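Q: please find the sequence and the predicted model below.
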Amino acid sequence: VRETLDLIQKLFRLRNCEDSYFRNRSRPCLQYQIGRCTAPCVGYVDQAAYGEQVRHAQMFLDGKAGAVMEELIAQMEAASAELAFERAAAIRDQIAAVKRVQAHHYVQGASTDMDVIACAVEAGVACVSVMFFRNGISLGSRDFFPRLAGASEPAAIIGSFLTQYYLDRPLPRELVVSDAPEDAEAIAAALAQRSGQAPQIKHRVRDARARFLDLARRNAQASLAARLASKQTLLSRFEALRDLLGMEDTPQRIECFDISHTMGEATVASCVVFGPDGADTSQYRRYNITGITPGDDYAAMHQALQRRYKRVQAGEGVLPDLLLIDGGLGQVRQAIDVLNELGVEGVPIVGVAKGPARRAGEETLVLADTGRSLFPGPQSPASHLVQAVRDEAHRFAISGHRARRAKAREHSTLEDIAGIGPRRRAALLRHFGGLGGLSKAGVEELMEVAGIQRGLAERIYAAFHG
């Protein structure tokens, strides 16, 4: 997926930054300087032209590279006719890049739309690897790890995968599979009801298709081996943490809370969830903290924990086997108080405090039940797990805080100015590339935006400069 995104960005110069970063740009970033973005953040490309770039990228991903080429050639010729030679040259270079990619990714023997699907199963874990071909172009591959609910034979797993994966995705003409499901005809008929055309589900293939299927099999086996190795490493870290904390059973669900704010502004708490299979992002939660003294981390933690475990008591979710709190004894006491208030018992609580030098791997673990401190050290597998969970809680809290802060600042500055409605606000932010650029603009620059007269421009300037 990363390779495909990188390729699409190179070919069609699409932005890859987060929305919060995009909204606050006042000048182009390095991606523009190296020719991999057209800088929509600061208005170097208008909305219609950027929308065209996005549409071409979508067409390319759908296997319609030929149609993209035709449109680009027409645009190049039009630019030349208008004597816009610099634009024509840029389009010419883009056409050459698309041609190079086509030449590299074209696969003989796969002129039709086709997906090649292989399955590998070991130790109760399955991997389904899919290679995508559209109009003879290889669009890469993707691995899936479906949960096994009874079915453990590759043929049955592939049958279940086909009915679920293509439920809401474009269906190719051919599905080449490593193991043919027993009910292949029924599956094809069911898929035909949705798409209007039954795919050909093939199992015994020769020549190029056989080579692709062999490659898909090897992809599935390699990805499964890597997954099992990673899973074993993660499991050993869970077991090491169990032993370090003196727990009877290996925890199956760890929840970790963190708080993020800037000088008390836009406080957000995060809760991330990990199990022996890794992070369970579907269970992540954020809490916008309100009604506390700004900067009071204890009150913020208290509120987040209370909101989380009140819901559990109401039947929404389950209790963790281990609760990690980013912070020292003070934050741990907040967790103890909340669980006592709610009558929740049997959940071990551990604080994760920074070491004296504040270096990763030198954290102190504060045990709630005894108040004792543990120093597992940077080489401890248990310490590696705690770091990973804590860092993920930190990342999730910071991203939520930044989004809330940006939204709050835009609201407080722009939405309170008389005469600024949603359309003008959007036009201003788009023209100046975000709130940062807007705040630096003078009255004359503000008047360059459609619909902004001098009186309104002066009010906007005064709002930012007092």
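A: Nice, thanks for sending it over.
Q: tell me how far the ends of stretch 306-325 are from each other?
A: 14 Å (Cα to Cα, to the nearest Å).
Q: how about stretch 363-375?
A: Taking Cα to Cα as the criterion, the two ends of stretch 363-375 lie 7 Å apart.
Q: contacting residues around D62?
A: 134, 170 (Cβ atoms under 8 Å, 6 or more residues apart in numbering). Quick note: C-beta positions are derived from backbone N, CA and C, even for glycine.
Q: quick one: low-confidence parts of the stretch 251-400 of the chain?
A: Applying pLDDT under 70 to the stretch 251-400 of the chain picks out residues 356-361.
Q: and the helices in it?
A: 297-313, 329-342, 381-410 (DSSP state H, counting those that start in this stretch).
Q: just want the angle from the last one to helix 297-313.
A: Relative orientation of helix 381-410 versus helix 297-313 (axes from the mean of the first three to the mean of the last three Cα atoms, to 10 degrees): 100 degrees.
Q: in terms of secondary structure, what does the helix or strand following helix 381-410 contact?
A: Next helix or strand after helix 381-410 toward the C-terminus (DSSP states H and E): helix 422-432. When contacts are defined as 3 or more Cβ pairs under 8 Å, 6 or more residues apart in numbering; DSSP states H and E, helix 422-432 packs onto helix 435-439.
Q: any residues touching the helix it packs on, and which ones?
A: Contacts of helix 435-439 (Cβ under 8 Å, 6+ apart): 23-27, 42, 406, 409-410, 413-414, 428-429, 431-432, 460, 464.
Q: among the helices of the stretch 251-400 of the chain, which is nearest D93?
A: Closest approach to D93 among those (Cβ to Cβ): helix 381-410, 35.3 Å.
Q: what is the orientation angle of the closest one with helix 422-432?
A: Using the same axes, to 10 degrees: helix 381-410 against helix 422-432 is 120 degrees.
Q: which helices and strands does helix 381-410 pack with?
A: Using 3+ Cβ pairs under 8 Å, 6+ apart: helix 381-410 touches helix 19-23, helix 207-245, strand 254-262, strand 265-275, strand 285-288, strand 322-326, helix 435-439.
Q: check which residues of that helix are buried.
A: For helix 381-410, burial by neighbour count (16 or more other Cβ atoms under 10 Å) applies to 381-390, 392-394, 396-397, 399-406, 409-410.
Q: quick revisit: turn the helices of the stretch 251-400 of the chain into CSV, columns for distance to F60.
A: Putting these into CSV (distance: least, Cβ to Cβ, whole Å) gives the following:
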stretch, distance to F60
helix 297-313, 44
helix 329-342, 49
helix 381-410, 30
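Q: tell me the most buried of the helices and strands packed on helix 381-410?
A: Among those, ranked by average contacts under mean count of other Cβ atoms under 10 Å, first place goes to strand 322-326 (a mean of 26).
Q: that strand packs against which elements?
A: Where contact means 3+ Cβ pairs under 8 Å, 6+ apart, strand 322-326 is packed against strand 254-262, helix 329-342, strand 349-353, helix 381-410.
Q: strands paired with that strand, and their directions?
A: Strand 322-326 has its sheet partners listed here by DSSP bridges as strand 254-262 (parallel), strand 349-353 (parallel).
Q: list the contacts of E415.
A: Listed by Cβ under 8 Å, 6+ apart, the contact set of E415 reads R425.
Q: in TSV, list the strands paired with strand 322-326 along with distance to L83.
A: Shown next, in TSV, are the strands paired with strand 322-326 (distance: least, Cβ to Cβ, whole Å):
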stretch	distance to L83
strand 254-262	51
strand 349-353	64
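Q: those: which one's closest to A81?
A: strand 254-262 (52.9 Å).
Q: kindly export that closest one (C-alpha atoms) in PDB.
A: Extracted in PDB, the C-alpha atoms of strand 254-262 (Å, rounded to 0.1, in the frame of the first residue of the first chain):
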ATOM      1  CA  ILE A 254      -4.300  -3.900  28.000                       C
ATOM      2  CA  GLU A 255      -5.700  -0.400  28.100                       C
ATOM      3  CA  CYS A 256      -3.500   2.700  28.400                       C
ATOM      4  CA  PHE A 257      -4.600   6.300  29.100                       C
ATOM      5  CA  ASP A 258      -2.700   9.500  28.300                       C
ATOM      6  CA  ILE A 259      -3.500  13.200  28.400                       C
ATOM      7  CA  SER A 260      -2.400  15.900  25.900                       C
ATOM      8  CA  HIS A 261      -2.800  19.600  25.900                       C
ATOM      9  CA  THR A 262      -0.900  22.900  25.200                       C
END
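Q: tell me the angle of it relative to helix 329-342?
A: With the same axes, to 10 degrees applied, the angle from strand 254-262 to helix 329-342 works out at 120 degrees.
Q: including distance to Q197, could the helices and strands packed on strand 322-326 go into a markdown table?
A: A markdown table is the format used below for the helices and strands packed on strand 322-326 (distance: least, Cβ to Cβ, whole Å):
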| stretch | distance to Q197 |
| --- | --- |
| strand 254-262 | 47 |
| helix 329-342 | 56 |
| strand 349-353 | 55 |
| helix 381-410 | 42 |
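Q: neighbours of E316, just the number please.
A: 9 (other Cβ atoms under 10 Å).
Q: for N340, find the nearest of the helices and strands packed on helix 381-410.
A: Among the helices and strands packed on helix 381-410, the nearest to N340 by Cβ to Cβ is strand 322-326 (13.2 Å).
Q: how much space separates E77 from G51?
A: Using Cβ to Cβ, to the nearest Å, E77 is found at 21 Å from G51.
Q: got any ranges where the stretch 51-200 of the chain has weak pLDDT?
A: Checking the stretch 51-200 of the chain against pLDDT under 70 turns up 100-111, 149-151.
Q: and the strands in it?
A: Along the stretch 51-200 of the chain, counting by DSSP state E, counting those that start in this stretch, strands occupy 114-122, 125-134, 137-144, 174-177, 200-202.
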